[in-house]
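A.B. asks: got a sequence here, can you model it:
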Amino acid sequence: MRIGLVLYGSLGTQSGGFLYDRMMVEHLEQQGDHVEVISLPWVPYSLGLGMNLSRSILPRLASVRPDLLLQDELAHPSLFFLNRRAKPLLDCPFIAIVHHLKCFEARPAWQNRLYGRIERAYLRSMDGFILNSRDTRRSVFSLTGEGKPALVAYPGGDRFSARISQDEVSARSSAEGPFRIVFLANITPRKELHTLVTGLSGLAEKAWELLVVGSEETDASYVRSVKEQIEKAGIQQQVSFLGRVPDGKVAEILARSHLMAVPSSMEGFGIVYLEAMGFGLPVIASRVGGAGEIVCHGGNGFLVDPGDAGAVARHVRDLMGDRERLHTMSVAALRTFCSQPTWQQTGAEIHTFLHSFGT
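C.D. replies: Below is the predicted model:
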């Protein structure tokens with residue numbers, strides 16, 4: 001099958017959504033499909049809307065001669081109207097890969113109503129959906145209504161070749177030394193690093209370290225504001241910004257940490273939570289979105305409301321002061337990881353779903 005994949009920017013972009021897309025493409029090509037990526041420039045939302053009138057995109061799509069066209073829903077601003085012209089020209093199924101919807105992010109209601117109208121128009125132009133969680137499925141169908149084919153294909157968490165045993169988890173939990181927390185995400189307001197910093201700065205106990213792993217370039221002004229927050233709190237000696245690091249280094253960091261904390265305002269799923277569990281780390285995750293489909297509050301991690309720095313502080317304090325509970329939750333996290341699908345299994349589900357549309 002010849003498949004076109006439309007997305008913003010590069011398939012190599014470092015984020016959970018692009019990781020999902022990369023793993024999907026890798027599996028499809030292993031199964032003999034040909035996937036051609038059509039990259040659109042990643043521009044501000046308003047400029048993206050203007051791309052619907054572009055005269056260059058349709059010829060690029062047509063030159064692929066796809067049997068099926070995939071679109072990453074993140075590119076919806078540039079496609080919601082253009083798809084009306086593209087569908088009769090290409091005469092093939094259009095399938096959206098949905099990681100999360102912009103209109104459900106935390107912002108003023110009037111803005112989300114506007115985004116919702118645009119996303120609804122985009123989603124209604126699709127013939128089917130690939131979704132990363134049941135929560136994302138509910139969000140999509142709340143805009144479009146039920147009826148179109150939809151596959152919930154959970155992300156895998158096994159991109160790292162390194163593994164950790166239950167014995168190693170036990171030894172790490174009881175070892176002396178600082179309580180190590182890792183934040184793994186591109187640093188943007190939605191990931192709520194500022195909430196994590198507020199929670200940690202309020203702890204009387206200072207026997208903790210925070211490693212921040214992720215791009216500082218996505219929102220440079222936000223990064224500056226968080227660093228200023230850290231300096232004002234006087235905790236700069238306990239917080240390290242590592243920027244982007246290779247997968248092997250990420251695996252090393254996870255293997256020697258005690259807790260993953262990314263208290264986002266919302267996550268469609270949160271692949272980093274599952275990846276952290278693969279190294280026996282309990283997680284502090286967002287209550288909003290799909291994280292609750294793998295995070296059992298008080299079992300293998302904690303779910304917190306957006307902006308609730310007090311809850312973050314309580315959960316860190318509890319695990320830092322009770323290494324036996326840390327051990328129990330770490331083992332539970334490792335077991336959760338082992339119960340989830342691999343990327344190979346997820347790719348197989350997607351392959352079967354796409355081929356159900358025929359050629």
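A.B. asks: hey, where'd the helices end up in this structure?
C.D. replies: 16-30, 45-50, 57-64, 82-90, 109-124, 134-144, 166-174, 193-201, 220-233, 247-255, 271-277, 309-321, 323-339, 343-355 (DSSP state H).
A.B. asks: buried residues in the first one, which are they?
C.D. replies: I take that to be helix 16-30. 16, 17, 18, 19, 20, 21, 23, 24, 25, 27, 28 (16 or more other CB atoms under 10 Å). In this view, the C-beta of every residue, glycine as well, is placed from N, C-alpha and C.
A.B. asks: export these to a markdown table and append columns for distance to residue 248.
C.D. replies: Converted to a markdown table, the buried residues of helix 16-30 look like this (distance: CB to CB, whole Å):
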| residue | distance to residue 248 |
| --- | --- |
| 16 | 19 |
| 17 | 22 |
| 18 | 19 |
| 19 | 16 |
| 20 | 21 |
| 21 | 22 |
| 23 | 18 |
| 24 | 23 |
| 25 | 22 |
| 27 | 22 |
| 28 | 26 |
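A.B. asks: looking at those, which is nearest residue 331?
C.D. replies: residue 16 (24.9 Å; CB to CB).
A.B. asks: find the nearest non-adjacent residue to that closest one, please.
C.D. replies: Excluding its sequence neighbours, the residue lying closest to residue 16 (CB to CB, 6 or more residues apart in numbering) is residue 271, at 4.0 Å.
A.B. asks: what about the one you found, how many neighbours?
C.D. replies: A count of nearby residues for residue 271, using other CB atoms under 10 Å, gives 23.
A.B. asks: for it, what are its contacts?
C.D. replies: With contact taken as CB atoms under 8 Å, 6 or more residues apart in numbering, residue 271 is in contact with 16, 19, 20, 155, 157.
A.B. asks: which one of those sits closest to residue 247?
C.D. replies: residue 19 (10.2 Å).
A.B. asks: give the closest residue to that closest one in space, chain neighbours not counted.
C.D. replies: Using CB to CB, 6+ apart, the closest residue to residue 19 is residue 271 (6.3 Å).
A.B. asks: check what pLDDT the one you found gets.
C.D. replies: Listed pLDDT for residue 271 reads 94.
A.B. asks: and if you look at residue 98?
C.D. replies: So residue 98 comes in at 97 (pLDDT).
A.B. asks: surely it and residue 129 touch.
C.D. replies: Yes - counting by CB atoms under 8 Å, residue 129 is a contact partner of residue 98 at 5.7 Å.
A.B. asks: now for the worst-scoring helix or strand of the chain on mean pLDDT, which elements pack on it?
C.D. replies: Lowest on mean pLDDT, DSSP states H and E among the helices and strands of the chain sits helix 166-174, with a mean of 91. Counting contacts by 3 or more CB pairs under 8 Å, 6 or more residues apart in numbering; DSSP states H and E, helix 166-174 packs against helix 323-339.
A.B. asks: can you point out the buried residues in the helix it packs on?
C.D. replies: For helix 323-339, by 16+ other CB under 10 Å, it's 323, 326, 327, 329, 330, 331, 332, 333, 334, 336, 337.
A.B. asks: correct me if wrong: the first one contacts residue 173.
C.D. replies: So that's residue 323. Yes - Residue 323 is in contact with residue 173 according to CB under 8 Å; the separation is 5.5 Å.
A.B. asks: could you name every residue contacting both of residue 98 and residue 129?
C.D. replies: Contacts common to residue 98 and residue 129, judged by CB under 8 Å, 6+ apart, are 123, 140.
A.B. asks: higher neighbour count, these two?
C.D. replies: residue 98 (26 against 22).
A.B. asks: against residue 218, how distant is the more buried one?
C.D. replies: Between residue 98 and residue 218 the distance is 21 Å, computed by CB to CB, to the nearest Å.
A.B. asks: residue 195 too?
C.D. replies: Distance from residue 195 to residue 218, by CB to CB: 17 Å.
A.B. asks: among the two, which residue is more densely surrounded?
C.D. replies: residue 195 (25 against 16).
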